[in-house]
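# here you go, sequence then predicted model.
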Amino acid sequence: MYPLKLEGAMKSKVWGGNDLKYYHKSSSEMQLGEVWELACHPNGSSKIMNGELQGQSVCSLMNEENIRLLGKAYEAFPIMVKFLDAKSDLSLQVHPDDKYAKENYNGFGKTEVWYILSADPGSEIILGSNSCSLEETMKSIENEDLRDCLNHVEVNAGEFYSVPAGTIHGIGKGIVLLEIQESSDLTFRLHDYGRGRELHLEEAEKVIKLSADFGKCRGFKEMKGNNEITYFIQTSHFEVKRIKIRDCFTDEVNPNFQLISCIGGTGYLTYRDQIFDVQTGDQYLIPANMGNFELRGMLDVIVTQPGTMKN
């Protein structure tokens, strides 16, 4: 196989905007809230845009070349990566863990992480509850008091946050982020700012984990030549790092698939005798065991792969 350039599935959202145009994602036909850049899910799949596999969906390629693409057999694609533009506040919500999702929906739960790409001054996320009990937290939400029991965190570009399944959370207006998550679309809403959409208070209460290990991840930095690598997180679900490339970065053979998300700059990716242009917003799916490749130029990339740690 070869580096697969992807086209994401665009999703209209009531809270979406037009700030993904910086990443060359825009639509005149919808209020763009999300672009599912790496996805193989019943609600959306990304497509391959280059080479002999051009036009094929990631789902169809997985069905045909599961082990060759992913490195081992998966019953379902394990990871989803998407751009998200919050023109207005997203709902206050919570996602179930794998056990609850498997037993009740026969699917994955939804642990996720956020890399903040941009944030208007004063923009906030809601992340977890403070010292309140579950009963007190639910009562405050039902009374539309979202500050008494919930943590409000002002965010800035370049920050990275962990949002384990069971964590109450909300993304505030004025934030654009890259979200890396389990391949799930299960969301239980607790509050929706008067937009009239369905709430799921009873089900949400069953899956909330007040003691979840949520929060900001500072990461570990190291220099390789002129390139700065920040290792943000390594879990059983995924591993995520950021690489600031200022010349040339060589990646060795990896037994797992990887997604390279370009969040800034221009350059190119070379593999054997092939050259692939890379610019802001581009996504390249690197098949497992593909062989060495190089990234050259002035590039800022987020690299995601499935987790190798055991629970």
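That came through fine. Numbering: from 1, shown residues only.
# just the terminal-to-terminal distance for stretch 179-192.
20 Å (C-alpha to C-alpha, to the nearest Å).
# ditto for stretch 65-79
Note: stretch 65-79 ends 17 Å apart using C-alpha to C-alpha.
# mind listing what's buried along it?
Leu69, Leu70, Gly71, Tyr74, Phe77, Pro78, Ile79 (16 or more other C-beta atoms under 10 Å). For every residue, glycine as well, the C-beta is placed using N, CA and C.
# least confident pick among the residues you listed?
The member of the buried residues of stretch 65-79 with the lowest pLDDT is Tyr74, at 86.
# tabulate the buried residues of stretch 65-79 (CSV), appending distance to Glu179 and secondary structure.
Below are the buried residues of stretch 65-79 laid out as CSV (distance: C-beta to C-beta, whole Å; DSSP: H, G, I helix; E, B strand; the rest coil):
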residue, distance to Glu179, secondary structure
Leu69, 22, helix
Leu70, 20, helix
Gly71, 23, coil
Tyr74, 20, coil
Phe77, 16, coil
Pro78, 15, coil
Ile79, 11, strand
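# nearest to Lys21, of those residues?
Distance to Lys21 across these (C-beta to C-beta) is lowest for Ile79, with 25.4 Å.
# any idea how far Phe238 is from that closest one?
In this structure, Ile79 and Phe238 are 6 Å apart, going by C-beta to C-beta, to the nearest Å.
# anything in contact with each of those two?
Common contacts of Ile79 and Phe238 (C-beta atoms under 8 Å, 6 or more residues apart in numbering): Ile180, Thr304, Pro306.
# show me which of the residues you listed are buried.
Ile180, Thr304, Pro306.
# the first one sits in which helix or strand?
Following DSSP states H and E, the helix or strand that holds Ile180 is strand 175-182.
# tell me the mean pLDDT for that strand?
Here the average pLDDT along strand 175-182 is 98.
# can you give me the helices for this structure?
58-64, 66-70, 98-105, 134-142, 201-207 (DSSP state H).
# wait, Lys13 touches Ser27, no?
No: distance between Lys13 and Ser27: 11.5 Å, which falls outside the contact criterion (C-beta atoms under 8 Å).
# so where's the chain shaky on pLDDT?
Low-confidence segments of the chain (pLDDT under 70): 311.
# can you list the domains in it?
Annotated domains of the chain cover 4-216, 220-306 [automatic domain parsing].
# pull out the buried residues from stretch 304-311.
Thr304, Gln305, Pro306, Gly307.
# before we move on, what about stretch 115-125?
Neighbour count says stretch 115-125 has Tyr115, Ile116, Leu117, Ser118, Ala119, Ser123, Glu124, Ile125 buried, by 16+ other C-beta under 10 Å.
# okay, and which of the buried residues of stretch 304-311 map to strands?
Applying DSSP state E to the buried residues of stretch 304-311, the entries found in strands are Thr304, Gln305, Pro306.
# could the residues you listed be laid out in JSON lines, adding distance to Ser261?
As requested, these are exported to JSON lines (distance: C-beta to C-beta, whole Å):
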{"residue": "Thr304", "distance to Ser261": "7"}
{"residue": "Gln305", "distance to Ser261": "12"}
{"residue": "Pro306", "distance to Ser261": "15"}
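# what's the closest of these to Ile245?
For these, the nearest to Ile245 is Thr304 (16.3 Å; C-beta to C-beta).
# in this structure the closest one contacts Ser261, no?
Yes: the criterion here is C-beta under 8 Å, and Thr304 meets it with Ser261 at 7.1 Å.
# overlap of the contact sets of the two?
Val81.
# can you tell me the strand partners of the strand holding Ile180 and which way each runs?
Note on strand 175-182: by DSSP bridges, its sheet partners are strand 79-86 (antiparallel), strand 112-119 (antiparallel).
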